[in-house]
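Asks: no FASTA, just this:
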């Protein structure tokens, strides 16, 4: 027996009431809104200082635009290779950007 007069291993907790299926899907439908709000908040907190810095110096603005373009190209390459691995299209984006025309096999 424990100090409360109950045998050891028993509990006074009530059984948990599980939510209904409708309530579950209502809660799940809220998550995309939270994710969107989080992503927009991150973009805002990153882009606000960068925009202030680019207004004061035009060289910084050019560098930021170049970094954004190169980051987009890199992301497109990585995602393209992840989605279609080994189909020979890994270099097509860079070839198109560079204007290189390779003979088709």
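Replies: Yep, that arrived. Predicted model only: the values in this text are computed from it and were never measured.
Asks: point out where this structure drops to low pLDDT.
Replies: Across the chain, the ranges flagged by pLDDT under 70 are 1-11, 86-105.
Asks: identify each buried residue in the helix or strand hosting residue 35, please.
Replies: Using DSSP states H and E, residue 35 sits within helix 21-56. Using 16 or more other Cβ atoms under 10 Å as the test for burial, helix 21-56 gives residue 54. Any C-beta I mention is one placed from the backbone N, CA and C, and that applies to glycine too.
Asks: same question, stretch 54-73
Replies: For stretch 54-73, by 16+ other Cβ under 10 Å, it's residue 54.
Asks: the next helix or strand after the helix holding residue 35 to helix 21-56, inter-axis angle?
Replies: Scanning forward in sequence from helix 21-56 by DSSP H and E, the next helix or strand is helix 58-83. Interaxial angle of helix 58-83 relative to helix 21-56 (axes from the mean of the first three to the mean of the last three Cα atoms, to 10 degrees): 140 degrees.
Asks: does anything pack onto helix 58-83? Which helices or strands?
Replies: Applying 3 or more Cβ pairs under 8 Å, 6 or more residues apart in numbering; DSSP states H and E, one finds that helix 58-83 makes contact with helix 21-56, helix 92-98.
Asks: for my notes, please list the ones you listed in JSON lines and give distance to residue 63 for each entry.
Replies: Converted to JSON lines, the helices and strands packed on helix 58-83 look like this (distance: least, Cβ to Cβ, whole Å):
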{"stretch": "helix 21-56", "distance to residue 63": "9"}
{"stretch": "helix 92-98", "distance to residue 63": "19"}
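Asks: residue 70: which of those is closest?
Replies: The closest of these to residue 70 is helix 92-98. By Cβ to Cβ, the value is 10.5 Å.
Asks: residue 15: what secondary structure?
Replies: coil (DSSP: H, G, I helix; E, B strand; the rest coil).
Asks: returning to that earlier point: nearest to residue 76, out of the helices and strands packed on helix 58-83?
Replies: helix 92-98 (5.8 Å).
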